[in-house]
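J.: Generate coordinates for the sequence data below:
(2 chains)
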There are 2 protein chains.
Amino acid sequence: MQALKDKIACEGRNLGSGILKADTFINHQVDTPLMMAAGRELARRFASAQPTKVLTAEISGIAPALATAAALDVPVIFARKHKPITMPADCLVETAPSHTKGHMVELIVSPEVLGPEDRILIIDDFLASGQTLHALVRVVHRAGGAVVGIGAVIEKSFEGGRELLASLGLRVESLAVIKAMDDGKIVIADD
Amino acid sequence: MQALKDKIACEGRNLGSGILKADTFINHQVDTPLMMAAGRELARRFASAQPTKVLTAEISGIAPALATAAALDVPVIFARKHKPITMPADCLVETAPSHTKGHMVELIVSPEVLGPEDRILIIDDFLASGQTLHALVRVVHRAGGAVVGIGAVIEKSFEGGRELLASLGLRVESLAVIKAMDDGKIVIADD
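T.: Model prediction:
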C-alpha cells in the first residue's frame, strides 16, 4: 500500500533495537484517512474468506481492526489485557510475551462474544514476532472457532512472525513490510 | 439516537453500583455499524465547531473516537495510560481517578501531536463522573489548544459529569442518556 509506505518513509523513526516509532500516524495519533484506507484494503484481501467477526488485542490494534470491520460490516472484538468487572468468570485466556514491556500479558475474551460458529479475521497494527497474534489464534481455537486469516498494517519481516503464523497454515497479509532496521535505517520492501 | 437506545435496552445489563455491562456492543465486542453511525452522528453535531483533531483516552474511547474522526476526516489522538518507549520525555500528563479501578490513572499525550493551533473535539464511550474527560480538557489546555466540544456515546446523567464539564463552558453531547440505574433497572431518557 503505497500511501502507507510513503508515510513510514516520511514520519517513521528507527529508535534502535528494532523499535519503529510510528506514533504520529499509527499508535498514538492515528492518521484517520490512511487507517480507514488500510482497513478497506485488508477487508478487500480477506473478503472472500467470509469472516463473521474481526478480533484484535487492545490497545493499538483497535483502530485498524475497527477500520477493517467497518469495511466488512461485521463486529469487532478487542481482547482485554486486564479483566473488566463486567466480564463473566469463565473467560477465554491466553498469554503472550510483550515485546515492549518485557513480561507476559494476558489476552482475555468473553465466551459471550466468540464461539464455534465464528470465522475470525485477526487484525493488528504490527506483525513482528507474531507472539501476540499467535495467542489470539489460540483464543479462537479455544472457543472452537475458525481463523480465516491474519492481517497487519505494518510487518517487520526480520522478526519471523510470518513464518510462525504461516506454519500454522494461516494466510498472512500485511500492507507494508519493513525488511531491515540495521544502522538506524528503515528499509521498506517493494511490493 | 434510537438504534443505540434500542441496543442498550436489549443488551445492556445493570450490574449494580451504577455499572452498565455494554461489552457485547461497546467496549469488548463493538457493534461496528452502530459505532460508525454513532461516530457520524457525533461528527454531525460538532462539525460546525470545525475541530482539527479528535482526542480520546485509551482503551474503550478509541472506537467511538475513530468513528467520529473518520466522519470528520481529521486525525484522532488516543491519550496513553502508560508511557510507551516511543514517546518523548517532555509529555503532557494529567491524572484522573479511575471509576472501575479505584486508583489514579495518568493520561499522557505527546506534544508532537497536540499544540496551540489545535481545536480539539474530545470523545469517549461513556460520560459518567466526567473526571477522565476533565483530565483530557486539562491536557488540551496544557498544550495551549482549544476544546471545541465533548461527545460521549452513552451518558449516565445521575453521576454529574455533564454539570462538571458544562461549568467549564464546554458544549456536551451524548447519544443516549441513562437517567437512573436503581433497583436493577436501566432507565433510558427520552429525547
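J.: What residues sit buried inside stretch A:63-77?
T.: Along stretch A:63-77, these residues count as buried under the neighbour rule (16 or more other C-beta atoms under 10 Å in any protein chain shown): A:63-72, A:74-77. For glycine as for every other residue, the C-beta is placed from the backbone atoms N, C-alpha and C.
J.: Would you mind naming what in chain A lies close to chain B?
T.: Residues of chain A lying near chain B by C-beta under 8 Å from any C-beta of the partner chain: A:15, A:19, A:21-24, A:27-33, A:35-36, A:53, A:58-59, A:62-63, A:66-67, A:69-70, A:73-78, A:80, A:84-87, A:100, A:109-110, A:112-113.
J.: which residues touch the longest helix along chain A?
T.: Among the segments of chain A that qualify as a helix by DSSP state H, the longest is helix A:32-46. Identification of contacts with helix A:32-46 by C-beta atoms under 8 Å, 6 or more residues apart in numbering or on different chains yields A:1, A:3-4, A:7, A:25-26, A:63-64, A:66-72, A:121, A:123, A:148-149, A:151, A:153, A:171, A:173, A:175, B:66, B:69-70, B:73-76.
J.: Let's see that with 7 Å instead.
T.: Contacts to helix A:32-46, defined as C-beta atoms under 7 Å, 6 or more residues apart in numbering or on different chains, come from residues A:1, A:3-4, A:7, A:25, A:63-64, A:67-68, A:70-72, A:121, A:123, A:148-149, A:151, A:153, A:173, A:175, B:66, B:69-70, B:73-76.
J.: What is the neighbour count of the nearest residue to A:Ser98 once chain neighbours are set aside?
T.: Excluding its sequence neighbours, the residue lying closest to A:Ser98 (C-beta to C-beta, 6 or more residues apart in numbering or on different chains) is A:Val105, at 4.8 Å. Counted by other C-beta atoms under 10 Å in any protein chain shown, the residues lying close to A:Val105 total 20.
J.: Pull out the buried positions in the host helix or strand of A:Val105.
T.: Mapping A:Val105 onto the secondary structure by DSSP states H and E places it in strand A:104-109. The neighbour-count check on strand A:104-109 (16+ other C-beta under 10 Å) flags A:105, A:107-109 as buried.
J.: The residue nearest in space to the middle of chain A: what secondary structure?
T.: Compute the mean C-alpha point of chain A, and by C-alpha atoms, centre = their mean the closest residue is A:Asp124, 1.2 Å away. With DSSP: H, G, I helix; E, B strand; the rest coil as the basis, A:Asp124 sits in strand.
J.: got it, and A:Ile8?
T.: The three-state label given to A:Ile8 by three-state DSSP is helix.
J.: hang on, A:Leu175 packs against A:Glu155?
T.: No. Counting by C-beta atoms under 7 Å, A:Leu175 sits too far from A:Glu155 to count as a contact (8.2 Å).
J.: Mind listing the residues bridging to A:Glu106?
T.: As for beta bridges, A:Glu106 partners with A:Thr95 under DSSP bridges.
J.: Show me where chain A has its strands.
T.: Taking DSSP state E as the test, the strands found in chain A are A:13-14, A:20-21, A:29-30, A:53-57, A:76-79, A:92-97, A:104-109, A:119-127, A:146-156, A:172-180, A:187-188.
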